Every structure is written in structure tokens, then in C-alpha cells.
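Trainee: Sharing a model prediction with you, sequence too.
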Amino acid sequence: MKGVQRIEAMAGEDDPKIFVIGLNRCATTSLHTLFEKSFIPSLHWRDANGQNLMKAFMVNIALGLKPFHGFDGFVAFSDLSFIGSDLVLEGARFFRDLHRHYPDAYFILNTRPVDTWIASRSHHANGTFLSKSMQASGHSHDEVQGLWREMALAHEAEVKDYFKDNPRFLHFDIVNDDAQKIADLVQEDYAIDVTKWKLSNQGPGPRPAAATKTLTPARPAEVGRVPKPNSAPQGPQHH
């Protein structure tokens, strides 16, 4: 694999994207951290300037551009959501559009038990995620939670059906699965340091099962972008 100087560089325009298409509060922060610690350029919820990813997504679509036009230096995208007092955007529900614009991308459907997911969402940001959802939708506390349940179940079923038999898709159970499944999914293009997987920012619910095997930490030159045969090392991309 290429040396650290390439791995730490921003991604090239042709590098396949990795889209985390589970709903937020399903270990999106943990997945983002896993990618970053594997030297894979990653964005979670917003960019370095504080711009919300989903708002940028919608502006690009409205202008006839690819959803993540302007983010060519990044590979992985997670927590594609926006919540305001008058608008709610669930970017994971746009998985078909993402696949249409990025057919060679990897797609990870991260899930957890729906009851604990609802509890986690309801408590997120000291309850403001739920209160803003109520304000934006005009629904009550119980109605919003009921709609979340319907959405989560429908989303999982629709994503699984859409990506059935697609080798670049993974259903990742954050409670029972380990990061080796993610490493196996993207191994053609990226190397993941599976020892960096750890659930963080946890809300209510069951914790993941203990690892059943000893994982060997990867060296820096063994993670990040996997070079293609006869490809010359590349320096940092300048934009």
C-alpha cells in the first residue's frame, strides 16, 4: 500500500464514496471516527466551516448538481440529517438518489433495535431533537415517536430490498457486528483499522457484544486508500 504521505492526503475525485445510510443515533459518530482513524477523509453532519451536509445536499440537487458537489476531497459521509423548528431533513431516505449519482459508492445501513433508537433520539441534545421535530411537524410527542418507528422500519426494509445482492452494500448491526464487516466491504479500495472501532456518544440501549477475537492494530501505512496495480503514488490534492 502507499505510504503515509498519500493516505493523509485528501481523496481524489474518482475515489469511491462511502455513504452511511442508517438514521442518526445509530453509531454515526463511531463510524465517522473509525474512518478518520483509518486515514479515510470523512465528514459527519457538517463540514469544517459548520455547513450542514444535508442543506448543502439539497442546494446541489436543486441546482442540478451531484449531491456532494464541492466535497470531492472527502470519501465518507455520515449523519445526513438536519433538524430545525420549521424543517426536518432525513438524508438517509435519499439513498436511491445517492446511488444514482454515485453508482460505484459503498453503502452502509447501520441499525439498532428500534425501541432503543427511539429512546436515544428522544433524549438527543437534551431532548431538543424531539421538540424541534414536534414543532416542525405539528405532531405530538407520541405521534412523532410513532412516525419515527414507522420510518425506521420502512427505511430498513426499503434499503435492503433496493440493494439486494449488491456487493457494495452492507447491513451493519451496531450492537452485534464488528468492524471487520466494514473492512471486508471496502477492502478493494480502502483499508480499515478495525481496532479503532468503538461505540461512542451512546444513548439508552444494549451494548455491543464483546469481541471474540484479538485484533492487531494496523500500522499507518496499512490503512487508508488501497493503491491500484501500477498506480504511481500521489501527493496531496490542492483545491
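Mentor: Perfect, I can see it now. Numbers count the residues shown, from 1 in each chain.
Trainee: So, low pLDDT: which residues of this structure?
Mentor: 1-10, 201-222, 228-239 (pLDDT under 70).
Trainee: residue ranges for the helices of it, please.
Mentor: 4-7, 28-37, 53-62, 95-101, 114-123, 128-137, 141-162, 180-186 (DSSP state H).
Trainee: What about K196, how many residues nearby?
Mentor: Neighbours of K196 under the rule other CB atoms under 10 Å: 18. C-beta here means a position set from N, CA and C on the backbone, and glycine is covered the same way.
Trainee: That one contacts I40, correct?
Mentor: No: between K196 and I40 there is no contact under CB atoms under 8 Å: 10.8 Å.
Trainee: for stretch 37-55, which positions count as buried?
Mentor: Buried residues in stretch 37-55, defined by neighbour count with 16 or more other CB atoms under 10 Å: K37, S38, F39, I40, P41, S42, L43, H44, W45, N52, L53, M54.
Trainee: Go through those residues and name the one nearest F95.
Mentor: Distance to F95, by CB to CB, is smallest for M54 among the buried residues of stretch 37-55, at 13.2 Å.
Trainee: any idea how far that closest one is from L89?
Mentor: Between M54 and L89 the distance is 5 Å, computed by CB to CB, to the nearest Å.
Trainee: who touches both of the two?
Mentor: Taking CB atoms under 8 Å, 6 or more residues apart in numbering as the contact rule, M54 and L89 both touch S81, F82.
Trainee: Off-centre distance for stretch 112-128?
Mentor: Distance of stretch 112-128 from its chain centroid, counting by CA atoms, centre = their mean, to the nearest Å, is 18 Å.
Trainee: measure that stretch end to end?
Mentor: 21 Å (CA to CA, to the nearest Å).
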